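Trainee: no sequence for this one, just the structure:
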C-alpha cells in the first residue's frame, strides 16, 4: 500500500530530472529506502550494488559516520551563515584553504556553488569579468568539445554538446562553439594516440582561426568525458590542448565535476594529466553527494586581475548557499576520508575494475572497454569489425538499465549502448568482483534479446 501510494504521489507531483515525462508516468518510480557502503536497498528490501555512486557522486560510499556526524554537529552549532556582507563561517574558510592548498599550480582561490551546473555558469561570468578587466571585452567566444557535458543550466547547457540538452531550449548560444571529440573508438582518424592528439590540436587551431584568434575567451573540457559515454583521451591529450590554449591566449577550463576527488585516482585528474588549468570546476565528490556543494578554483593571476580592476566595486555574482557551513563541514570530513584511506583503496579497486572489465572484451557484444581508476565504460556493438551500435528497437538505455537492476546492480546505461561504471571508492575486492559478474549477466541477457538476435542473424 505504501509503495503504491508513493508511486502515485510521484507520478502526480515530482518532475524528475532528464526524464521522459510520459515515459516516467507510465513506468513509475523505483524507491530507494536505505544505503550502506557500496550497497543501496530498494523498497521491498532487495539489496543492489551501486556501481555508479548515485550519479558519479557518492565517492566515499554510503553511511560514512564521520560525514553524518559532521553534518549533524554543524546543523546544531550553526545551520546557516551567509558569505555576503563580509560574513562567513569557520568550515567554509577552512575548506577553501585546504582545497586551495591541494589544487594544481596557482589555483589558490575558491568560489563555492551548490553544484556542478552553477559552477560552470560561475566560470563563464568570471571569465567575462576577467576579459573586461583586462581590456579585451571582444574576447567573448567560448569553445567546448563534442560529447562533452558542462551542466544543464541556461548557459552551461550550450557548452554541453549532447542533443537532449539542446532540443527545444534554443542553445547553444551564438558565442558557443564545438570541436570534435577525441573519442578513440570512433575517431575518423583512427585510434593512434599521437594522431588523435595532433588532429585535436589542429581542430582547435582551425576553429580559433575561423572565429578569430582575438575573439576567443576560453576552452572547456572534461579530463574524461563522462555523460558523453566515459570517453578517455589518449595520455598527453589534455596537456597538448592546455598548452595550445595558453599559446593562443585562451583560458583553459578543466571541468572536474565528475573526475575530482579520487574518481580517477588522485584528488584532481588535472594533477595526473600534468596541467594547471586557469579554472577547475568541481562538485559531486566534494561532499560525496551527502549535501549539495560545488566549487570553482580560480588562478591567482585571474583573481588579481579582476580585483585590481574592480577596486572597491563588488563582483555582482553570488548565491544564497555559497559556502554553506553544513556543506563545508561535510566537505572537510570527506577530504579527511579521501586522504586517510579512500584514495589508496580507490586506486587499488580501480585497477581491479579496469582489469576485470578488460576480461569481458571477448564477449560477442563488447566492442570497447575504456576507463581510468574508478571510472569506466563498456561499449556494446552488433559487429566488432563494423562497430555497429545496438539496434534502436532494442531500446538500449532502458533495457540495459533494467537488466542490471534485475541482476542487483546499478549502472549508467547510455542511449548508444554504453554501460557506465563509477563505483564508490570504498568498494572491497568482493564487491568489485560482484559488479563484474553481474555485468556479464547483463551482457548475456542482452545477447538473448530478440531484437539483438534478429539483427545479428540479419
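Mentor: Thanks, I have the structure now. Just so we're clear, the structure is a prediction, and the values are computed from it rather than from any experiment.
Trainee: Under the pLDDT cut-off, which ranges of this protein? List them.
Mentor: Where the chain drops to pLDDT under 70, the residues are 1-3, 457-458.
Trainee: So residue 225 sits against residue 145, correct?
Mentor: Yes. The pair residue 225 / residue 145 is scored as a contact, 7.1 Å apart, by C-beta atoms under 8 Å. Where C-beta positions appear, they are placed from N, C-alpha and C, glycine not excepted.
Trainee: So for the two, which sits in the more crowded spot?
Mentor: Legend: neighbour count by other C-beta atoms under 10 Å for residue 225 and residue 145, higher for residue 145 (28 against 25).
Trainee: For residue 414, see how far away the more buried one is.
Mentor: Note on residue 145: its distance to residue 414, by C-beta to C-beta, to the nearest Å, is 17 Å.
Trainee: The stretch 51-200 of the chain: strands as residue ranges?
Mentor: All strands of the stretch 51-200 of the chain, identified by DSSP state E, counting those that start in this stretch, fall at 109-113, 141-145, 176-179.
Trainee: Walk me through the domains of this structure.
Mentor: 31-63+341-457, 81-323 (automatic domain parsing).
Trainee: With distance to residue 4 as new columns, can the ones you listed be given to me in CSV?
Mentor: Formatted as CSV, the domains of the chain follow (distance: least, C-beta to C-beta, whole Å):
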stretch, distance to residue 4
domain 31-63+341-457, 10
domain 81-323, 29
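Trainee: between these, which gets nearest to residue 8?
Mentor: Smallest distance to residue 8 across these (C-beta to C-beta): 12.1 Å, for domain 31-63+341-457.
Trainee: How far off centre is that closest one?
Mentor: Averaging C-alpha coordinates over domain 31-63+341-457 and over its chain gives two centres that are 17 Å apart (C-alpha atoms, centre = their mean, to the nearest Å).
Trainee: do stretch 122-142 as well
Mentor: How far stretch 122-142 lies from its chain's middle: 25 Å, per C-alpha atoms, centre = their mean.
Trainee: ok, what's across the strand from the residue lying closest to residue 126 once chain neighbours are set aside?
Mentor: Leaving out its chain neighbours, the residue that sits closest to residue 126 by C-beta to C-beta, 6 or more residues apart in numbering is residue 298, at 6.6 Å. For residue 298, the beta-bridge partners are residue 109, residue 279 (DSSP bridges).
Trainee: Enumerate every residue touching residue 298.
Mentor: Shown in contact with residue 298 (C-beta atoms under 8 Å, 6 or more residues apart in numbering): 107, 109-111, 126, 278-279.
Trainee: got the residue ranges for the helices in the stretch 101-250 of the chain?
Mentor: With DSSP state H, counting those that start in this stretch as the criterion, the stretch 101-250 of the chain has helices at 116-134, 156-159, 193-211, 237-247.
Trainee: what's the closest of these to residue 322?
Mentor: Residue 322 lies closest to helix 116-134 among the helices of the stretch 101-250 of the chain, at 9.3 Å (C-beta to C-beta).
Trainee: So which elements touch that closest one?
Mentor: Contact partners of helix 116-134 among helices and strands, from 3 or more C-beta pairs under 8 Å, 6 or more residues apart in numbering; DSSP states H and E: strand 109-113, helix 156-159, strand 216-221, strand 251-255, strand 279-282, strand 294-298, helix 300-310.
Trainee: Residues contacting it, please?
Mentor: By C-beta under 8 Å, 6+ apart, helix 116-134 touches 111, 113, 137, 139-140, 142, 150-156, 159, 217-218, 220, 251, 253, 255, 257, 279, 281-284, 294-296, 298, 302, 305-306, 308-310, 315, 317, 319.
Trainee: before we move on, the earlier item: just the closest of the contacts of residue 298 to residue 77, please.
Mentor: Of all the contacts of residue 298, residue 110 has the smallest distance to residue 77: 22.1 Å, by C-beta to C-beta.
Trainee: Is that closest one in contact with residue 294, as I believe?
Mentor: No. Taking C-beta under 8 Å as the definition, residue 110 is not a contact partner of residue 294, at 10.4 Å.
Trainee: More neighbours: those two, which one.
Mentor: residue 294 (27 against 20).
Trainee: and the more buried one, what are its bridge partners?
Mentor: Counting by DSSP bridges, residue 294 is bridged to residue 113.
Trainee: what sits up against stretch 191-203?
Mentor: 179-180, 182, 184-185, 187, 189-190, 233-237, 240-241, 244.
Trainee: Put together a markdown table for the strands of the stretch 51-200 of the chain, with distance to residue 76 on each row.
Mentor: Listed next are the strands of the stretch 51-200 of the chain as a markdown table, based on distance: least, C-beta to C-beta, whole Å:
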| stretch | distance to residue 76 |
| --- | --- |
| strand 109-113 | 21 |
| strand 141-145 | 43 |
| strand 176-179 | 45 |
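Trainee: Tell me which of those sits nearest to residue 399.
Mentor: Closest among these, once you apply C-beta to C-beta, is strand 141-145, at 29.0 Å.
Trainee: Which strands or helices does the closest one pack on?
Mentor: By 3+ C-beta pairs under 8 Å, 6+ apart, strand 141-145 packs against strand 176-179, helix 193-211, strand 216-221.
Trainee: ok, 6 Å please
Mentor: On a contact count with 3 or more C-beta pairs under 6 Å, 6 or more residues apart in numbering; DSSP states H and E, strand 141-145 meets strand 176-179, strand 216-221.
Trainee: Perfect, that will be all.
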